[in-house]
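# Fold the following, please.
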Amino acid sequence: MDLEINSDRLKDLLLEIISIKSFFSREVELADFLISELAKIANKVERQPVEGCGGNVIAYFGPEDAPLRYLLMCHMDTVELFEGWSRNPWGEIDENVVYGIGALDSKSSLAAMIEALRV
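Just a heads-up that it's a prediction; the model follows:
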């Protein structure tokens, strides 16, 4: 088993996540994407409906009868676009730094969690 983070795959995933609009209460498209990515590596993935937003994405790993031990949490929504962006808000890399709406809060956490679960 390869236990090394694939930084290129992680950057690509982060850029894809940033490119998906997920403004507050409009996260359905991002939730759908996360479900499709997690379905590749999880035993089970489900969406927990939450009124007024894309819901919660829940993925299960390990044997079905194993006790639940870990919980990774992160929000999917971003603020609305605002004036003053000097870079592409839908994702860009410059000198190995990723820029874009939600890149820090909190789409990088989503990408990092998925990459960590892959390895």
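# Quick check: Phe36 vs Asn6, distance?
Phe isn't right for residue 36; it's Ser. Between Ser36 and Asn6 the distance, using CB to CB, to the nearest Å, works out to 18 Å. Heads up, the C-betas are built off the backbone N, CA and C, glycines and all.
# These two: which is more packed in?
Asn6 (13 against 10; other CB atoms under 10 Å).
# what's the burial count for the nearest residue to that one once chain neighbours are set aside?
Spatial nearest neighbour of Asn6, excluding adjacent residues (CB to CB, 6 or more residues apart in numbering): Glu115 at 6.9 Å. Number of residues near Glu115 (other CB under 10 Å) recorded here: 17.
# is it true that Glu115 lies in a helix?
Yes. Under the criterion used here (DSSP: H, G, I helix; E, B strand; the rest coil), Glu115 sits inside a helix.
# my guess is it meets Ile17, correct?
No. Here Glu115 does not reach Ile17: they are 11.2 Å apart, not a contact under CB atoms under 8 Å.
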